[in-house]
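Student: build me a structure from this.
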Amino acid sequence: MNVLIVHDRLSNEPSQDELDTMIEVAQVSSALRATKHRVRQLPFSMNLIKMKEQIAVLRPDIVFNLVETVHGSSLLHLAPSLFESMSLRYTGGNSVGMMLSSDKLEAKKLMRMAGIKTPEWASLSYTQDLDSLINVPVIVKPVNEEASVGINDQSVCTFSTEASILDFLADRQGSVFIERFIDGREFNISVLSDNHGARVFPVAEMKFIDFPQDKPKIVGYAAKWEEESWEYIHTKRDFSANKAEPELIDRLQNISLMCWSLFGGKGYARVDLRVDQVRTIWVLEVNLNPCIAEDSGFVAAAGQAGISYKDLINKLLEG
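Tutor: I've put the predicted structure just below:
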């Protein structure tokens with residue numbers, strides 16, 4: 001097939017997560033070429049008319065959507081919207097699912113409406129949970145960023161009054177929200193759709209090795225991207241719970257499938273969850289089109305299911 005990889009356009013001073021996207025593009029291209037596909041690449045542009053003209057000239061059989069940043073995550077739906085307007089086959093989530101899941105606040109509202117537990121939160125436009133966020137650990141998160149951008153140890157903090165939360169949010173002009181911090185175990189569940197329906201890969205638990213008692217157990221930016229950092233070295237992915245705790249794993253997978261269906265049921269996704277001290281499961285967020293670089297969590301989970309990188313990338317063409 002003629003495969004067109006549409007990917008992020010690098011900024012003038014790209015961050016580590018941006019550079020990782022280009023590594024991802026190279027690895028996906030290599031895997032596709034190894035199975036005799038013809039592969040071309042095109043950076044995504046907000047000039048949608050020009051994009052449409054360029055794609056029409058290239059006449060792909062399918063578009064491999066590796067657009068992971070458009071004004072943070074707020075406009076990620078534009079790429080699949082464009083492909084849909086051209087009646088093109090493409091990989092990954094559909095435009096509606098991408099729009100809803102990329103807006104973290106709307107995603108939380110939808111999950112709550114669907115009966116999926118997600119931690120209480122507050123934003124400039126949503127203050128119903130304020131009273132539950134006083135004098136408990138909370139985590140401050142960017143509204144429109146992915147890849148743990150903006151998350152570090154200082155993101156976990158405590159507020160003593162509702163007014164102090166509202167002042168904090170107002171000072172940041174709606175760019176962040178506050179979520180109750182679930183001090184528990186963290187799991188990542190990877191879901192793939194192919195010709196056989198939705199498939200849930202073995203569940204990964206993030207282990208926080210030798211973290212000091214006063215250090216928040218979070219997968220922040222350093223733990224995810226800065227390979228020389230203490231956090232990166234001491235945060236490890238572990239799959240042992242799949243055999244040791246089948247009842248918990250079954251619950252985690254079922255909730256992840258509920259999230260998958262809620263946000264469109266197309267392509268591939270990673271669901272991030274935490275389990276608290278009384279084994280309540282909380283969904284932190286749903287990431288459609290997660291990173292599929294060779295060292296990513298999604299690829300590691302596929303490997304646990306016996307799927308090679310080359311086969312995984314080709315399976316993505318089916319969904």
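Student: show me the longest strand that occurs in the protein.
Tutor: strand 185-194 (DSSP state E).
Student: by contact count, what packs against the helix or strand following that one?
Tutor: Sequence order places strand 197-200 as the next helix or strand after strand 185-194, per DSSP states H and E. Strand 197-200 is packed against strand 185-194, helix 246-262, with contacts defined by 3 or more CB pairs under 8 Å, 6 or more residues apart in numbering; DSSP states H and E. For glycine as for every other residue, the C-beta is placed from the backbone atoms N, C-alpha and C.
Student: L110 and L262 touch, don't they?
Tutor: Yes: with contacts counted by CB atoms under 8 Å, L110 reaches L262, the gap being 6.2 Å.
Student: mean pLDDT for the helices and strands packed on strand 197-200 - can I get that in CSV?
Tutor: Shown next, in CSV, are the helices and strands packed on strand 197-200 (pLDDT from 0 to 100):
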stretch, mean pLDDT
strand 185-194, 94
helix 246-262, 97
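Student: out of the ones you listed, which is closest to K310?
Tutor: Checking the helices and strands packed on strand 197-200 against K310 by CB to CB gives strand 185-194 as the closest, at 14.8 Å.
Student: the closest one vs helix 246-262, what angle?
Tutor: 50 degrees (axes from the mean of the first three to the mean of the last three CA atoms, to 10 degrees).
Student: pull out the buried positions in strand 185-194.
Tutor: Residues 185-193 are the ones in strand 185-194 that count as buried (16 or more other CB atoms under 10 Å).
Student: on that earlier part again, need the residues that contact the longest strand of the chain.
Tutor: Residues outside strand 185-194 that contact it (CB atoms under 8 Å, 6 or more residues apart in numbering): 198-201, 203-206, 217, 219, 237, 241, 252-253, 256-257, 260, 265-275, 290, 297-298, 301-302, 312, 315-316, 318-319.
Student: and for stretch 223-239?
Tutor: Taking CB under 8 Å, 6+ apart as the rule, stretch 223-239 contacts 16-17, 20, 147-148, 188, 202-211, 219-220, 222, 297, 300-301, 304.
Student: and these, which of them are buried?
Tutor: For the contacts of stretch 223-239, buried by 16+ other CB under 10 Å: 17, 20, 147-148, 188, 202-206, 208, 219-220, 222, 297, 300-301, 304.
Student: go through those and flag which are in strands.
Tutor: Reading strands off the buried ones among the contacts of stretch 223-239 with DSSP E, I get 188, 204-206, 208.
Student: closest one of these to G115?
Tutor: Among those, and counting by CB to CB, the member closest to G115 is N188, at 21.7 Å.
Student: who does the closest one bridge with?
Tutor: Residues in a beta bridge with N188, per DSSP bridges, are A204, D272.
Student: that one and Q213, how far apart?
Tutor: 24 Å (CB to CB, to the nearest Å).
Student: equivalent analysis for S164, please.
Tutor: The spacing between S164 and Q213, counted by CB to CB, is 25 Å.
Student: for R274, same thing?
Tutor: To Q213, R274 is 18 Å away according to CB to CB.
Student: what do you get for G267?
Tutor: Counting by CB to CB, the gap from G267 to Q213 is 40 Å.
Student: who's more crowded, the two?
Tutor: Counted by other CB atoms under 10 Å, G267 and Q213 do not tie: G267 has more neighbours, with 23 against 4.
Student: show me the contacts for the more buried one.
Tutor: So G267 contacts 91-94, 193, 288-289, 316, 319 (CB under 8 Å, 6+ apart).
Student: just S45 next, same as before
Tutor: Here S45 is in contact with 9, 51 (CB under 8 Å, 6+ apart).
Student: A strand includes Q277, no?
Tutor: No: in this structure, Q277 is coil, not part of a strand, as judged by DSSP: H, G, I helix; E, B strand; the rest coil.
Student: so where's the chain shaky on pLDDT?
Tutor: Scanning the chain for pLDDT under 70 picks out 146-148, 319.
Student: ok, and what's touching the longest helix along it?
Tutor: For the chain, the helix with the greatest residue count under DSSP state H is helix 16-34. If you take CB under 8 Å, 6+ apart as the criterion, helix 16-34 is touched by 3, 5, 7-8, 10-11, 39, 41, 64, 66, 68-69, 147, 149, 221, 224-226, 291-294, 296, 309-310, 312-314.
Student: what of stretch 129-141?
Tutor: Residues from elsewhere that reach stretch 129-141, judged by CB under 8 Å, 6+ apart: 104, 120-122, 150-151, 155-162, 165-166, 168, 176-181, 183, 216, 218.
Student: please, where are all the strands along the protein?
Tutor: 2-7, 38-43, 62-66, 121-122, 138-142, 156-157, 176-180, 185-194, 197-200, 204-208, 235-238, 268-275, 281-288.
Student: P290 touches V299, doesn't it?
Tutor: No: applying CB under 8 Å, one finds P290 not in contact with V299, separated by 9.7 Å.
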